[in-house]
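Asks: need the 3D shape of this:
(2 chains)
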Amino acid sequence: MTFLNPLAFGFLGAVPLIVLLYLLKVKRRTAPVSTLMFWQRVLEENRRRALFHRLRQLLSLLFHLLIFTLILLALSKPELARFVRTGTSTVLVLDTRARMQAVESDGESRFTKAKRELNAFARHASAQNAVAILTAAAGAQVAAPFSDDEKALQQIIAKLEPTDASGDLNDAIKLANELLASRSGEKRIVVVTDSKSTNPDPKIDFISIGESHENIAITRFAARPLLNSPQTSEVLLELHNFGNKPAHGNVELYFDDALLDVKPFDLAPDAHRVEIFPWLPQTNGRGWLRARLDVKDALATDNEAFAVLPAFVQKHVLLVTRGNWFIEKMLEADDTTKFELLTPDAFTPEMAKDFDAVILDNALPNGFDLGTARGNFLFVKQTPFTANEMLDQPLVSDSDSRAPLMRLVALQNVTFLRSSKMTLPAGSDAWKFDAPLRSFENPLIISGVRGNQRIAAFAFDIAETDLPLRVAFPLLMSNTLQWLAGEKQNSIGSVRAGETLTLENGQRVFTKPQKNTKTDTPLVNAKMVSGAFQPMKNGWYLARNGDAVSWTAVNTFSENESDLRAATVAAKRASHTSPFAKFASWPIWTDLALAAFVLFTLEWWLFHRRFTE
Amino acid sequence: MQQTSDDLLFDSQFLAKLEQLYLLSRKIFRGQHRAERKSKQIGSSLEFADYRNYTSGDDLRTIDWNIYGRLDRLFVKLFEEEQDLPVYFLVDASASMRWSSRENALTKLAQARRVAASLAYIALANLDRVNVFYFSSVLGADAGMARGKSQFHKLLEFLKHVPAANGATQLLPALRAFAQRAKRRGLVFVLSDFFDPDGYDEALRLMRYHQFDVHAIQVLDPAEHDPQLRGDLRLIDAESNAPLEVTSDDALLRRYRTEFGGFLRGLEEFCIAHQIGYVQASSAVAFEDLVLRVLRDGVIIR
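Replies: Now for the predicted structure:
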């Protein structure tokens, strides 16, 4: 027990005054009577009851002393050591991760319970007990700096909301320790979470909330264009049963808020299942894809997932050649590509910035310098890495199928008549090179990346191979051009809540997510950010870059958040469901003041009933 | 003597009513003058009283010759003689009688004086001899014997002038002095609150011993019956000025009323046991009603 206001005990000096006042005779009203004969006889009988009379007086004195003591104790603001110690700095860490939205058996969410716990601590904020509040989700944030203002802290707590993000508490604990580092006196961290304590630090108190629950979640939901038909997309959906019982239900797929498909599912305990929804055509709508589970479980936020249909954007390609029938025909046949043809004489490297990719077919400009060049290039035969030596009939020895250029491309049986001998340059700070296709020590294909700039170099002339006769040719060209087009062609369609999005120059994102075209308010006055953005709630976010508009889907997609079985059972917290729970968390001085008031009322009643004098 | 502001005069209509009343005496007293009251004295009235044997020297006119004819013995007829009756009013003028529970309300003493005046008038109207005494701890001066309505003004003058407060009520010395001073036995009205710390019984017994026909008229204030004093009080005795600190509540007042009621019952029972007339007269009761109704109920007047 600690007294926050020990100066109040100075009033103990008033106790003798109370006793003295009690010993003083009351000022009596004078009343003349004709005779005292009868009064004296009555009082003689009363004196026989003098002991009881004295007891009544003593009882009254005891009442007053007790009331005074209670008021004194209330003024001294006693606190349990659990809440505060003299000169204590307390950092309250509130877990705001998605899993805190889980609803308990009493119908109350873990987050609501956690906020109540936080309020209990905030009520004990005082000059001797500064309290700060941190939130822990994808990262740690200071919700309230150190303060002794109980009301301000409670107002801040009231505004806190759970996020849909995943994360761990260590960042918040680290930040709490940093905040406490500059504080003197006793330091304390209180983490209110649904997870078990993993930190052995004795100054950290974990208040665990929540019981173990079964949960079904959508753990993946994405759409991508089909390689053979970029204007058509397929949707992948993964479900996971984080429970010990089999689960079944339906998963609904909505496209621009219209129900598109429903698939039933049965999931064994702790099993996951992948569903594919093929052949989604491109439309002129928003491209919103939404999956929803028609099950009711503890955590609702992971029963819904959002995705965006990949926008179909044609690549703008410049082909610089003296004539290459194969490449020209391939580009003509590719719907995803719009190309222009230019002779090497007319080409200048400055033109590259207006195209997603430039194919320099056997036409490396004089004095071409990779260090200064801007744009994405595909060099064919003449490359910046080419020596004057040639390789005769090189054989493919190594093909990196994980490289984006080589995806689904098999070149092992391709016959190369000859090829230039390229040397894989050593990586510099700016450029990073790779050779996904080799003929032993000689690279046949080199890819390089410098920031958003990409280049690829083929050591061989297309016409001097049998590659155009193979299926691998259009795939290789498509992969290469797709990769060269880079971020432009693969705009960010989906991120996890809590991840930071790096926005392009001029790109701005509305910070408020949208979930429904019918009910969501227009984003007229909504806040926008640029540079970087960290979405914390699931939904679709609208990004603008000039007139260009794109949507980004944000989802939780975290097994850590969806698996609620690891939650700590905190049976002792069950008392909070009682109507008296909120009184139990009040500071002790309020209880004492209440007791003093009750005693005062009782004493008043006894006095008027003449039980005391 | 102190001049009081009490108006003791009665209007003529009220006096006429009083004249119709007859003062009752349960005993017959010897009187010096003929009056309208029977006495033990065998006299010359027409009312036959008794026979007795003739003795020498008796008036021969009183011999009943018819008896002599039948019995051959001489008997003398005795006749009652109607005589006047001495009526004494002893008015308590102690400090307790001067106390009143309310401002400008009639004091017990004023009420007692009015009762005494009205009864005195009735007695005078019946040709009785009347005297009035004030007393407190001692017997004060008296008005002197008065007879006939013509002397009523003398009694009124005496009653108008109340002696200065002279101590507490002490019945025994005052009544003992009265018994010694009164030459003839007769009716005695004691008008007092009987709040004598030494008790009233010895004094009243003394009066009975001296063969007075005693009537106790106890004059009380309503607040003495039912005091409304609550809280922390410092009670002051009107006679001794002695203080008494009391914390009064309903329980204490209940005990007071019980005690006071016991005192009243004790006085009444004592009076009945000793053939003393007892009437309780409240100072709050209208004077006319008190004389005409309360005293009639007390079988003093009929």
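Asks: from here on, contacts and neighbour counts on C-alpha atoms
Replies: OK.
Asks: how about low-confidence regions in the stretch 101-250 of chain B?
Replies: Across the stretch 101-250 of chain B, the ranges flagged by pLDDT under 70 are B:166.
Asks: give me the nearest residue to the one residue in the stretch 51-200 of chain B that gets nearest to chain A, chain neighbours excluded.
Replies: Closest contact between the stretch 51-200 of chain B and chain A, by C-alpha to the nearest C-alpha, is at B:Ser96 (4.6 Å). Nearest in space to B:Ser96, with sequence neighbours left out and distances taken as C-alpha to C-alpha, 6 or more residues apart in numbering or on different chains, is A:Ser34 at 4.6 Å.
Asks: so the one you found touches B:Met97, yeah?
Replies: Yes - counting by C-alpha atoms under 8 Å, A:Ser34 touches B:Met97, with 7.4 Å between them.
Asks: who has more neighbours out of those two?
Replies: Taking other C-alpha atoms under 10 Å in any protein chain shown, A:Ser34 and B:Met97 do not tie; B:Met97 has more neighbours (31 against 25).
Asks: what sits against the more buried one?
Replies: A:34, B:107-109, B:192-193 (C-alpha atoms under 8 Å, 6 or more residues apart in numbering or on different chains).
Asks: the residue of the stretch 51-200 of chain B closest to chain A against B:Ala168, yeah?
Replies: Yes - applying C-alpha under 8 Å, one finds B:Ser96 in contact with B:Ala168, separated by 7.4 Å.
Asks: which neighbours do these two share?
Replies: By C-alpha under 8 Å, 6+ apart, B:Ser96 and B:Ala168 have these common neighbours: B:Glu239.
Asks: these two: which is more packed in?
Replies: Counted by other C-alpha under 10 Å, B:Ser96 and B:Ala168 do not tie: B:Ser96 has more neighbours, with 28 against 23.
Asks: and B:Lys77, bridged to which residues?
Replies: B:Lys77 has the following beta-bridge partners by DSSP bridges: B:Tyr51.
Asks: show the pLDDT at it.
Replies: In this prediction, B:Lys77 carries a pLDDT score of 83.
Asks: that one and B:Gly69: what is the separation?
Replies: Distance, B:Lys77 to B:Gly69, using C-alpha to C-alpha, to the nearest Å: 15 Å.
Asks: of these two, which one has the most company?
Replies: B:Lys77 (18 against 10).
Asks: can I assume the more buried one is in contact with B:Trp65?
Replies: No - using C-alpha under 8 Å, B:Lys77 makes no contact with B:Trp65, being 9.8 Å away.
Asks: PyMOL command for the buried members of the contacts of B:Met97?
Replies: Remark: buried members of the contacts of B:Met97, expressed as a PyMOL selection using 16 or more other C-alpha atoms under 10 Å in any protein chain shown:
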select buried, (chain A and resi 34) or (chain B and resi 107+108+109+192+193)
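Asks: the contacts of B:Met97 in strands, which ones?
Replies: B:Ser192 (DSSP state E).
Asks: tell me which of the contacts of B:Met97 is nearest to A:Pro16?
Replies: Using C-alpha to C-alpha, the shortest approach to A:Pro16 within these belongs to A:Ser34, at 40.6 Å.
Asks: list the beta-bridge partners for the most centrally placed residue in chain B.
Replies: Central residue of chain B (C-alpha atoms, centre = their mean): B:Phe189, 0.8 Å from the mean position. As for beta bridges, B:Phe189 partners with B:Phe89, B:His215 under DSSP bridges.
Asks: quick one: contacts for it?
Replies: Counting by C-alpha under 8 Å, 6+ apart, B:Phe189 touches B:87-90, B:214-217.
Asks: go with 10 Å
Replies: Going by C-alpha atoms under 10 Å, 6 or more residues apart in numbering or on different chains, B:Phe189 touches B:87-91, B:116, B:119, B:132, B:212-217, B:277-278.
Asks: could you measure from it over to B:Pro197?
Replies: 21 Å.
Asks: need the contact list for the residue nearest the centre of chain A.
Replies: Chain A has A:Ala165 as the residue nearest its centroid, 2.3 Å off, counting by C-alpha atoms, centre = their mean. The contact partners of A:Ala165, taken as C-alpha under 10 Å, 6+ apart, are A:96-99, A:136-139, A:496-499, A:534-538, A:554-558, A:561.
Asks: can we see that at 8 Å?
Replies: So A:Ala165 contacts A:97-98, A:137-138, A:496-498, A:536-537, A:556 (C-alpha under 8 Å, 6+ apart).
Asks: which one (most neighbours) among those?
Replies: Busiest of these [other C-alpha under 10 Å] is A:Thr556, holding 33 neighbours.
Asks: so which bits of the lengthiest helix in chain B are buried?
Replies: Selection of the longest helix in chain B by residue count, based on DSSP state H, yields helix B:250-273. For helix B:250-273, burial by neighbour count (16+ other C-alpha under 10 Å) applies to B:252-253, B:255-257, B:259-260, B:267-268, B:270-271.
Asks: please list which of those residues are also close to chain A.
Replies: Contacts with chain A within these, counted by C-alpha under 8 Å from any C-alpha of the partner chain: B:252, B:255-256, B:259-260.
Asks: any idea how far chain A is from B:Leu220?
Replies: Going from B:Leu220 to chain A by C-alpha to the nearest C-alpha, to the nearest Å gives 10 Å.
Asks: roughly how far apart are B:Leu267 and A:Val495?
Replies: The spacing between B:Leu267 and A:Val495, counted by C-alpha to C-alpha, is 110 Å.
Asks: how many other residues sit next to A:Ala459?
Replies: 27.
Asks: for A:Ala373, see how far away it is.
Replies: Taken as C-alpha to C-alpha, the span from A:Ala459 to A:Ala373 is 20 Å.
Asks: likewise A:Asp106?
Replies: A:Asp106 sits 65 Å away from A:Ala373 when distances are taken as C-alpha to C-alpha.
Asks: higher neighbour count, these two?
Replies: Between A:Asp106 and A:Ala373, counted using other C-alpha under 10 Å, A:Ala373 has the larger neighbour count: 14 against 8.
Asks: need the contact list for the closest residue in space to the more buried one that isn't next to it in sequence.
Replies: Spatial nearest neighbour of A:Ala373, excluding adjacent residues (C-alpha to C-alpha, 6+ apart): A:Pro349 at 6.7 Å. Contacts for A:Pro349 (C-alpha under 8 Å, 6+ apart) come out as A:365, A:368, A:373-374.
Asks: which of those residues are buried? Put it as a ChimeraX command.
Replies: Only the buried entries of those go into this ChimeraX selection, using 16+ other C-alpha under 10 Å:
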select /A:365
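Asks: could the contacts of A:Pro349 be laid out in JSON lines, adding distance to A:Gln482?
Replies: Below are the contacts of A:Pro349 laid out as JSON lines (distance: C-alpha to C-alpha, whole Å):
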{"residue": "A:Pro365", "distance to A:Gln482": "23"}
{"residue": "A:Phe368", "distance to A:Gln482": "23"}
{"residue": "A:Ala373", "distance to A:Gln482": "20"}
{"residue": "A:Arg374", "distance to A:Gln482": "18"}
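Asks: let's see the helix or strand harbouring A:Leu319 as CSV, backbone CA atoms only.
Replies: Per DSSP states H and E, A:Leu319 falls inside strand A:315-320. Output in CSV follows, covering the C-alpha atoms of strand A:315-320 (Å, rounded to 0.1, in the frame of the first residue of the first chain):
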residue,chain,number,x,y,z
LYS,A,315,3.4,-2.4,-72.6
HIS,A,316,4.8,0.3,-74.8
VAL,A,317,7.8,-1.2,-76.5
LEU,A,318,10.3,0.4,-79.0
LEU,A,319,12.0,-2.1,-81.3
VAL,A,320,15.2,-0.7,-82.8
